[in-house]
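# Dropping the sequence and predicted coords here.
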Amino acid sequence: MRVIGIDAGATKTAAVAETLEGPGMDRIRTGPSAIVGMPDARALAVLRDIVDQLAPRREDLAHVAIGLSGVDFPEEHPEQHRRVAEAIGVPRDRLLLVNDSLVALAGAATTDRATLVQHGTEVTMAWRARVGEECVFDSVGIADCFDLRLKTVPLVARMLDGRTPATPLKDQVLAHCGVDAKAFARWVIRDPGAKDQILKIGPVVFAAWRDGDTAAVQLVDAAVDDYVTATVAMADRLGPGAFQACFGGGTIDQGGAALLATIGERLSRRRSDATLASPARSPEDGALILARRAANLAAVG
């Protein structure tokens, strides 16, 4: 009998499968499958294809756990769960469908009491007081976690029009975008490739930050403050006591050890009981953990 864990996001879908006995793993990485409201045909096709590859015989499938970006509101969950189960061809009682932040936390943390801020293409945050009780924190991003990549654009625009003193970061960003100063505004608004290029701007900002560029320092400081503030808000839900504070994802990883050290130093000022950690495992591995847990509970039941 196999279990499958799937992390289904806005830029990629990653999956892992293994037998309940544990030896050997199969992994798949493919295109996005995030949803808004009810799952559409494209997202369902991605998920179905993954399960087809990892468990072509559905009778050999003990459980599937999917962390799906867009599973946000309790009133939508029953219908989302029904449609996904039907599309991938498994009974509803063999499918665990949760928000993607929960599988990320399950993979990242190694202790009961834990928080997670994961900033990749998007931001996911979650916390738990004990294993099996993972909770989402601002899954829809309505509180607007500071994204230094997106905030770089208006900062450079203000440098160009004189509202903010220019630093070397201005020319470095223009070179990254492949445009000159006069074309910057039009490029941001009209170029179909601008969004993807802006989302790749992190290494430019972090390199300038390490060089002491004042504008880059401003951006990174604001991002660190917001990561820490979110972590403290989640820790307040845990109450007093030691906890593991996990930080990861592509954007945070681009800052390297220096960024993690800065986060850790600032967090320690506000929560001395926090232990800084990078994610121990991937989100899809977290989904596999949840799938195994669900399969074992079903067997006991």
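That came through fine. Numbering: from 1, shown residues only.

# From here on, just use CA atoms for contacts and neighbour counts.
OK.

# Pretty sure residue 32 sits in a strand.
No: with DSSP: H, G, I helix; E, B strand; the rest coil as the criterion, residue 32 is coil rather than part of a strand.

# Next up, phi/psi of it, please.
phi -70, psi 160 (degrees, to the nearest 10).

# List the contacts of it.
Neighbour list for residue 32: 8-13, 43, 46 [criterion: CA atoms under 8 Å, 6 or more residues apart in numbering].

# Among those residues, name the ones in helices.
Counting by DSSP state H, the part of these found in helices is 43, 46.

# Export the contacts of residue 32 as CSV, with columns for pLDDT, neighbour count and distance to residue 104.
Below are the contacts of residue 32 laid out as CSV (pLDDT from 0 to 100; neighbours: other CA atoms under 10 Å; distance: CA to CA, whole Å):
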residue, pLDDT, neighbour count, distance to residue 104
8, 97, 31, 11
9, 93, 23, 11
10, 90, 15, 14
11, 91, 13, 15
12, 95, 14, 14
13, 97, 23, 13
43, 97, 21, 19
46, 98, 20, 20
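
# quick check: domain ranges of this protein?
Following automatic domain parsing, one gets these domains for the chain: 2-106+282-300, 110-279.

# Highest mean neighbour count out of those?
Compared across the domains of the chain, domain 2-106+282-300 shows the largest average neighbour count, a mean of 20 (mean count of other CA atoms under 10 Å).

# Centre of the chain to that domain, how far?
Mean C-alpha position of domain 2-106+282-300 versus that of the full chain (CA atoms, centre = their mean, to the nearest Å) differs by 16 Å.

# repeat for stretch 142-149
13 Å.

# and that stretch, how far apart are its ends?
The first residue of stretch 142-149 is 18 Å away from its last residue (CA to CA, to the nearest Å).

# next one: stretch 18-35
End-to-end span of stretch 18-35 (CA to CA): 26 Å.
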